[in-house]
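Chemist: here is my input; please provide its structure:
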Amino acid sequence: MPKNVHVTPRSNGFAVITAGAQRASVIKPTQAQAIAVARPQAARNGSELVIHRPNGRIRASDSHGHDPRSIKG
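Modeler: Purely as a prediction, here's the structure:
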């Protein structure tokens with residue numbers, strides 16, 4: 001199962017970290033810059049991109065893997 005990629009707030013910017021990793025892969029000064037790095041990484045892994053607000057709560061998520069639901073529409 002692919003590991004989710006998180007964009008989380010840090011004291012010096014926003015970190016891009018893969019679930020279960022000990023360290024962030026990169027820290028960027030703005031959330032937009034961190035998302036620009038994290039989105040292709042999540043797409044490559046076929047995983048979920050989870051974006052956190054500055055207070056740590058989840059702001060948004062974007063699925064880049066196989067969605068288990070089959071909704072017609």
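Chemist: who's in contact with the closest residue to Ser63 other than its chain neighbours?
Modeler: Leaving aside its chain neighbours, Ser63 sits nearest to Glu48 (5.3 Å; criterion: CB to CB, 6 or more residues apart in numbering). Just so you know, the C-beta spots here come from the backbone N, C-alpha and C atoms, and that holds for glycine as well. By CB atoms under 8 Å, 6 or more residues apart in numbering, the residues touching Glu48 are 2, 4-5, 42, 61-65.
Chemist: for Thr31, give me its contacts.
Modeler: Quick fix: residue 31 is Gln, not Thr. 7, 9, 14, 51, 54.
Chemist: state the phi and psi torsions of it.
Modeler: Dihedral pair for Gln31: phi -70, psi -40, per degrees, to the nearest 10.
Chemist: am I right that Ala36 is in a helix?
Modeler: Yes - according to DSSP: H, G, I helix; E, B strand; the rest coil, Ala36 belongs to a helix.
Chemist: what number of residues lie near it?
Modeler: 13 (other CB atoms under 10 Å).
Chemist: and it, how close does it get to Asn45?
Modeler: Separation of Ala36 from Asn45 (CB to CB, to the nearest Å) stands at 16 Å.
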